[in-house]
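Participant: quick one, structure for this:
(one chain, ligands or ions: 1)
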Amino acid sequence: MSAVVLDGKAVAAEVTEALRVRVASMSRKPGLAVVLVGDDPASAVYVRNKSRTAERIGLRHWQLTLPADTTEAALLAEVRRLADDADVDGILVQFPVPSHIDRLRVVDALPPDKDVDGLHVVNAGRLAQKREGFVPCTPAGCMELLARTGVSLRGAEAVVVGRSDLVGRPIARLLEHADCTVTVVHSRTRDVGAHVARADIVIAAVGVPGLVKGAWIKPGAVVLDVGINRLADGSLTGDVEFGAAAERAGWITPVPGGVGPMTIAMLMANTVRAGAAKG
Ligand code: NAP
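Facilitator: Next up, the predicted model:
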């Protein structure tokens, strides 16, 4: 393997330690409310990890677990209650929510200044216009990892595989703001490999194991694998053929232990910012 493996766990630990020190110096500790609807095991793990990290850095935090048959109206009522609660600085609703609930209606109910996941249309608009706002946590984590490589982003060719509101679109914006030349490819793209092959920076955010072939990777490229896919044997794998890609890439993130931990670290950073804004 020639690539440097980017240790997201270690970088996330550095980021959260700096936040812990900062929170210790704040007289009013920022407060994070996490809402989980249903009993999806993966979501339960994510929520538990978020609560643990919040505890470790000294945030006030609350976890609200609602049954899978919670109505949309009941969830919206809870979100509005948290929106009105002056103790709560950040609200995170863990997605996916059960299919009878409209995800966008839930996102719309979040006050933009408590939307620490950066999903509200106001925060998406702020990002599009390069204005101050909350940036979605996974894309923000990717940018932090890219910064750690020391690779210059100015003029670099970046290819983002996937165009979701959660990952693909916002990371494309951030890369463009950092002066990359950005191409976004998706399920209707004619030849994904041809685009990836000319990329200095590849971000894979698809949800298909091994979709990005190692042979596509330009020698020396930075490869960030956002995908989290559970295989039949219970193990986790990304969207990139890790072994073959690591032979060619300059830097690569593993799954697990790459982008995932950074997502939580950035959620904490956003919450501390939300709390600090209130003084
Ligand atoms: P999503 O909303 O399902 O979006 C997937 C994107 O991939 C879509 O834009 C889709 O294109 C595209 N796509 C699907 N098949 C493709 C193909 N064959 N070739 C090229 N593009 C294809 O997923 P997401 O929320 O962005 O998440 C993506 C992955 O990242 C998932 O594995 C998820 O679990 C993981 N994730 C990880 C973290 C983390 O913390 N590490 C955070 C969030 C998500 P269309 O738009 O054309 O349908």
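Participant: list phi and psi for residue 29.
Facilitator: Residue 29 adopts backbone torsions of phi -80, psi 130, taken as degrees, to the nearest 10.
Participant: contacting residues for it?
Facilitator: Applying CB atoms under 8 Å, 6 or more residues apart in numbering to residue 29 gives the contacts 23, 58-60, 275. Every C-beta, even on glycine, is put in place using the N, C-alpha and C of the backbone.
Participant: now it: how far from the ligand?
Facilitator: 25 Å (CB to the nearest ligand atom, to the nearest Å).
Participant: which of the contacts of residue 29 sit farthest apart?
Facilitator: Farthest-apart pair in these is 58 and 275; separation 10.8 Å (CB to CB).
Participant: those two: which is more packed in?
Facilitator: Taking neighbours as other CB atoms under 10 Å, residue 58 and residue 275 compare with residue 275 leading, 22 against 17.
Participant: could you measure from the more buried one over to residue 106?
Facilitator: 22 Å (CB to CB, to the nearest Å).
Participant: what's the answer for residue 38, then?
Facilitator: Taking CB to CB, one finds residue 38 at 13 Å from residue 106.
Participant: any residues in contact with both of these two?
Facilitator: Both residue 38 and residue 106 are contacted by residue 97, under the criterion CB under 8 Å, 6+ apart.
Participant: name the nearest residue to residue 57, sequence neighbours excluded.
Facilitator: Ranked by CB to CB, 6 or more residues apart in numbering and with sequence neighbours excluded, the top spatial neighbour of residue 57 is residue 20, at 4.2 Å.
Participant: show me what contacts that neighbour?
Facilitator: 56-58.
Participant: surely it forms part of a helix?
Facilitator: Yes: using DSSP: H, G, I helix; E, B strand; the rest coil, the assignment for residue 20 is a helix.
Participant: and for residue 265, the neighbour number?
Facilitator: Residue 265: 26 neighbours (other CB under 10 Å).
Participant: and it, what's its pLDDT?
Facilitator: pLDDT, residue 265: 98.
Participant: report the separation between it and residue 20.
Facilitator: From residue 265 to residue 20 the distance is 11 Å (CB to CB).
Participant: where's residue 43, which helix or strand?
Facilitator: Taking DSSP states H and E as the criterion, residue 43 maps to helix 41-57.
Participant: list the buried residues in that helix.
Facilitator: Across helix 41-57, burial judged by 16 or more other CB atoms under 10 Å covers 43, 46-47, 50-51, 53-54, 57.
Participant: also stretch 256-276?
Facilitator: Buried residues in stretch 256-276 (16+ other CB under 10 Å): 257-275.
Participant: likewise stretch 177-186?
Facilitator: In stretch 177-186, counting by 16+ other CB under 10 Å, buried: 178, 180, 182-185.
Participant: which strands or helices does the helix or strand containing residue 271 pack on?
Facilitator: In the assignment (DSSP H and E), residue 271 maps to helix 259-277. Identification of packing neighbours for helix 259-277 by 3 or more CB pairs under 8 Å, 6 or more residues apart in numbering; DSSP states H and E yields helix 8-24, strand 31-37, helix 41-57, strand 90-93, helix 137-149.
Participant: by contact count, what packs against the second one?
Facilitator: Right, strand 31-37. Partner elements for strand 31-37 (3+ CB pairs under 8 Å, 6+ apart): helix 41-57, strand 60-66, helix 72-84, strand 90-93, helix 259-277.
Participant: possible to save these as TSV with distance to the ligand?
Facilitator: Output for the helices and strands packed on strand 31-37, formatted as TSV (distance: least, CB to the nearest ligand atom, whole Å):
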stretch	distance to the ligand
helix 41-57	8
strand 60-66	18
helix 72-84	20
strand 90-93	13
helix 259-277	3
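Participant: list just the nearest of the buried residues of helix 41-57 to residue 162.
Facilitator: Of those, the one sitting nearest to residue 162 (CB to CB) turns out to be residue 46, at 18.8 Å.
Participant: got the contact list for that closest one?
Facilitator: Contacts of residue 46 (CB under 8 Å, 6+ apart): residue 94.
Participant: that one and residue 159: what is the separation?
Facilitator: For residue 46, the distance to residue 159 - CB to CB - is 27 Å.
Participant: gap between residue 259 and residue 145?
Facilitator: For residue 259, the distance to residue 145 - CB to CB - is 7 Å.
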